[in-house]
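> This is a predicted model, with the sequence first.
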There are 2 protein chains.
Amino acid sequence: MRLALFPGRRKAPAANGRAVAGHLPAPKSSEGPLVTRPLNASERELVEWFVDFTALMSLPASVGQIYGLLYLSGRPLPFDNFVERLGISKGSASQGLKFLRTLGAVRVVSIAGDRREFYEAEISPTRLVAGFLKEKVQPRLKASDDRLARLKKNLQEMESVDPLLTERVHRLHVWNQRARQFLPVVSGLVKIRT
Amino acid sequence: MRLALFPGRRKAPAANGRAVAGHLPAPKSSEGPLVTRPLNASERELVEWFVDFTALMSLPASVGQIYGLLYLSGRPLPFDNFVERLGISKGSASQGLKFLRTLGAVRVVSIAGDRREFYEAEISPTRLVAGFLKEKVQPRLKASDDRLARLKKNLQEMESVDPLLTERVHRLHVWNQRARQFLPVVSGLVKIRT
DNA sequence: TTTTTTGTTCATTTTTTCTTGAACAAACAG
DNA sequence: CTGTTTGTTCAAGAAAAAATGAACAAAAAA
C-alpha cells in the first residue's frame, strides 16, 4: 500500500544519464551476437528470485523481472527484449525501466549501428537498495520533518494545548531528524559492504 | 503491494507478552480517569503523520492510526477506544493491534478492576522500525538465501550450464548473506541512536 | 445456567495498485 | 514528404491488499 511508485507523469523523459556501452567488463559468455530466446527454467527461477527481492521493497513484480533479466544477462539488452522474453506489456517495460533508471540501478547505453535503446544493470543489487533509499525514502523523511515542524508551530500559536501533545510532537521531531541523518549512513554502509 | 502482513491466521492469540501497567513513567497529563473524547485537529494531524510514517514501511493505514493514537495518549488505552475514536472497525483494530504486538511496538497491560485489555505503546517509533526489520524483513532474507542455495545446487547437478548464470547466482548468494549479517547491525544502530 | 461484555475470525466489499494495450509522439529511413 | 521502427502515455481492466461487519468464542457477571 501507499508507496506511489508511478506518480504524476513527467513532461519529457529527457536524456536520462545516457552512457556508452562497455564501461563494465563484459562477462565472457555474454559476448557475440545477441540471441533472443525464451528463458530456461533456471533463468526463470532467478528472475522470480528478483521479484521476491524487489517485493521486499514493495516494488511491482515487473520491476523485479526487468532487473532480474538484466542481471542474469550481464550485457546490455534492447527494450523489446524485456517485452518478448518476460512476456510483459510495453507499458510495464517502459514504466519499470524508467523507474529503475531513476534509482540508478539501470542505465541506458548506445550500441553502434542499432537505433534501439539498450539497458545495462549495475552488477550489484546494492545499487537498487541504495537508490531506493535515496530516491524514495529520503524525500519522504524530509516531508515528514516539514509536517512535524508545521504542527509544532501551530501548537505554539494555540492556547491551552495539552502539554503532553506538545512534548510528543517535539520528541518525534527530534527522532525524525535523527532518522534523516542516519539514512545516508546506512546507504554508505550498504555500499562499503558489497 | 506484496508485503503480506496478515497471512495464514494463527490458532490462538495466546497471552502475547502481557505485562503490568505502570512500567513506563506516565506523563502528567495522562493521569486521572480515562476520558473518551473525539480527537481534536492537532491530534488527528499527528495520527495522520503516523499513517504516513508506517506507509513508508508499506503498513496499512489502520496500523499507523492505532500506533499514533497510543503514542499521543501516553497511557494505556482499552480496545474499544481505538474503534470509537479512530472510527475503524473492530476487525481492523484487532488485526492492527495483533500486528503491532508481534513487532513489539505495543504491549498488553492489565488495569486493576477493568476486564478489558489495555494497550501501551513503546515511546520510541524506533521499536516499530526495529520490530519490522526483525519480524518481517529478516525472515524473508532467510527465505531468499535458501532459495538461492537450492538453485545453486540444481545448477551444479545440471550439465552444460551457462557459466555466467552460475557465476551470477553465486555472486548473489554471497551478497544476500552479507545483507543478512548486515541487517542486525542496522537494527542495533537504530536503537543506539534513539 | 443464562446473559453480557470483550474481542477474534474470516467471507465479502471497498480501495488501491499494477498491468495492459491502443493512441500517440519522436526519430530515422526510404 | 511518407512510411516504419521504437518507445511513451494514460484510460480502463485485472489483481492484490485492506477494511468491514456479522458470526462466533471466551470469560466474567448475573
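Structure received. Residues are numbered from 1 along each chain as shown, chains lettered A, B, ... in the order given.

> By mean pLDDT, flag the weakest helix or strand of chain A.
Every helix and strand of chain A was ranked by mean pLDDT, DSSP states H and E. The lowest is strand A:19-20, at a mean of 40.

> Next, the angle from whichever strand or helix holds A:Asn176 to helix B:163-192.
Per DSSP states H and E, A:Asn176 falls inside helix A:163-192. Counting by axes from the mean of the first three to the mean of the last three C-alpha atoms, to 10 degrees, helix A:163-192 lies at 150 degrees to helix B:163-192.

> can you give me the offset of helix A:163-192 from its chain's centre?
22 Å (C-alpha atoms, centre = their mean, to the nearest Å).

> Point me to the residue of chain A nearest DNA strand C.
A:Gly91 (2.1 Å; C-beta to the nearest atom of the strand). Every C-beta, even on glycine, is put in place using the N, C-alpha and C of the backbone.

> Buried residues of the strand or helix carrying that residue, list them for me.
Take DSSP H and E as the rule and A:Gly91 turns out to sit in helix A:90-103. Neighbour-count burial for helix A:90-103, counted by 16 or more other C-beta atoms under 10 Å in any protein chain shown, picks out A:Ser92, A:Ala93, A:Gln95, A:Gly96, A:Leu97, A:Phe99, A:Leu100, A:Arg101, A:Thr102, A:Leu103.

> a markdown table please, covering those and showing distance to chain B and pLDDT.
Formatted as a markdown table, the buried residues of helix A:90-103 follow (distance: C-beta to the nearest C-beta, whole Å; pLDDT from 0 to 100):
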| residue | distance to chain B | pLDDT |
| --- | --- | --- |
| A:Ser92 | 14 | 98 |
| A:Ala93 | 18 | 98 |
| A:Gln95 | 14 | 98 |
| A:Gly96 | 13 | 98 |
| A:Leu97 | 19 | 98 |
| A:Phe99 | 13 | 98 |
| A:Leu100 | 16 | 98 |
| A:Arg101 | 20 | 97 |
| A:Thr102 | 18 | 97 |
| A:Leu103 | 16 | 97 |
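
> between those residues, which is nearest A:Arg180?
Closest approach between the buried residues of helix A:90-103 and A:Arg180, by C-beta to C-beta: A:Leu103, at 19.3 Å.

> Now that closest one: closest residue in space, sequence neighbours ignored.
Spatially, and ignoring its direct neighbours in sequence, A:Leu103 is nearest to A:Gly131 (3.0 Å; C-beta to C-beta, 6 or more residues apart in numbering or on different chains).
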